[in-house]
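*Asks:* Generate a structure from the sequence data that follows.
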Amino acid sequence: MTVYVPAMTGPTAVPPDLDGSHVLAVPRGTSLVPLARAWFPQAAWSREPATAAQTASARPMTGARFRGIAVAPPDPTGALSLDGAVEVVGPWPLDAADARALGLPARDSDLYGLPAAPVAGATLTPELVTGWATAVARRTGGGILPAARDRVVVPDPGAAVDLTLWSAVPLSPDDALPLVRPALSGSRLAVPAPVSGRSQAFTLVATYEYDGEVEVRCARSREVPVVLSTLDWREHGPWGYHVTWRPPDPLELEVPHPSQLHVIARQRVTPSIARVVASLWRTVGGTIVDAGGFVVGHEEVDDRARPR
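*Replies:* Below is the predicted model of the structure:
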């Protein structure tokens, strides 16, 4: 779910340097490099932002011998190159009050500028870059100000409930079912897929009257999330354990404001999904990736597993 808020009119706290650019807002201090490399493995700073210590140490020269000498302060912003051509520039600080006035989440934030038009020599399309920015905003609880400044995009972090465990170890359906059932009561084996190697791809399904279905699908894949290419090969594998929620009305996954019944059902299934993934991970190891293509640490999985 993504919330669209009408843009505020009148003076804003967005720096003029960002005019004509899409603006990504993330919580203050968020490290953007690992989030960028999850989609663009070669991402790196072409110009690193100045640290607070560097900015504070750049004091004007004083005394008679320095009269007439102007000292330019260091540029506090950096340039994060995604592909050698497309750059994300920032951060610019934004306090919680100004963020609220803009329609963004009311917290101290960092602003980054994204190109709103194709960049010469780029291998990335503007649509892919803004798709990444939307995923980052959802992942971090941030938001986006489009270049037109006609609205504010605030993706709902709670909407991304699906998780996938990527492991080198396949399980048989008979071994997986006892691991899944404590978190998903009533889980049953659906029609198995064709045999793959020594093991069998399979799907387990748990169905609930008011909460829809939770599906656990195990399959070997030739295509894995980009973020896995940034990890040691021993930390993951080709076997994906995809844990997916299918709500009673799937269309509610796409609307900006789903019903309260949808939200309540989502809150009930989210801990179960996390517990299933945690149980599988303890058995087969691997790396957990969320629906946005970002690695999810075990502490976060444990936090998701707690009922709200």
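*Asks:* C-alpha from now on. contacts and neighbour counts both.
*Replies:* Noted.
*Asks:* quick one: Pro170 and Tyr241 touch, right?
*Replies:* No: using Cα atoms under 8 Å, Pro170 is not in contact with Tyr241, being 9.1 Å away.
*Asks:* ok, and the closest non-adjacent residue to Trp132?
*Replies:* Trp39 (7.2 Å; Cα to Cα, 6 or more residues apart in numbering).
*Asks:* again but with Glu252, I slipped
*Replies:* Per Cα to Cα, 6+ apart, closest to Glu252 is Pro258, 5.3 Å.
*Asks:* Next: Gly143.
*Replies:* Val154 (4.5 Å).
*Asks:* That neighbour: what secondary structure?
*Replies:* Three-state assignment for Val154 (DSSP: H, G, I helix; E, B strand; the rest coil): strand.
*Asks:* Count the neighbours of it for me.
*Replies:* 24 (other Cα atoms under 10 Å).
*Asks:* Who is it paired with across the strands?
*Replies:* Val3 (DSSP bridges).
*Asks:* What of the one 10 residues further on?
*Replies:* The residues paired with Thr164 through beta bridges, assigned by DSSP bridges, are His242, Val289.
*Asks:* number of nearby residues for it?
*Replies:* Thr164: 26 neighbours (other Cα under 10 Å).
*Asks:* got it, and Asp150?
*Replies:* 13.
*Asks:* any idea how far it lies from His22?
*Replies:* Remark: distance between Asp150 and His22 (Cα to Cα, to the nearest Å) = 11 Å.
*Asks:* Need phi/psi at Ser109.
*Replies:* phi -130, psi 170 (degrees, to the nearest 10).
*Asks:* Could you do the one 10 residues further on as well?
*Replies:* Note on Val119: backbone dihedrals following degrees, to the nearest 10 are phi -110, psi 130.
*Asks:* can you check Pro115 too?
*Replies:* Dihedral pair for Pro115: phi -60, psi 140, per degrees, to the nearest 10.
*Asks:* so Ala265 sits right up against Val214, yeah?
*Replies:* No: judged on Cα under 8 Å, Ala265 makes no contact with Val214 at a distance of 11.4 Å.
*Asks:* quick one, which of the two is more surrounded?
*Replies:* Val214 (23 against 16).
*Asks:* Can you name the helix or strand that that one falls in?
*Replies:* strand 212-220 (DSSP states H and E).
*Asks:* Parallel or antiparallel, list what pairs with that strand.
*Replies:* Short version: by DSSP bridges, strand 212-220 pairs with strand 202-208 (antiparallel), strand 239-246 (antiparallel).
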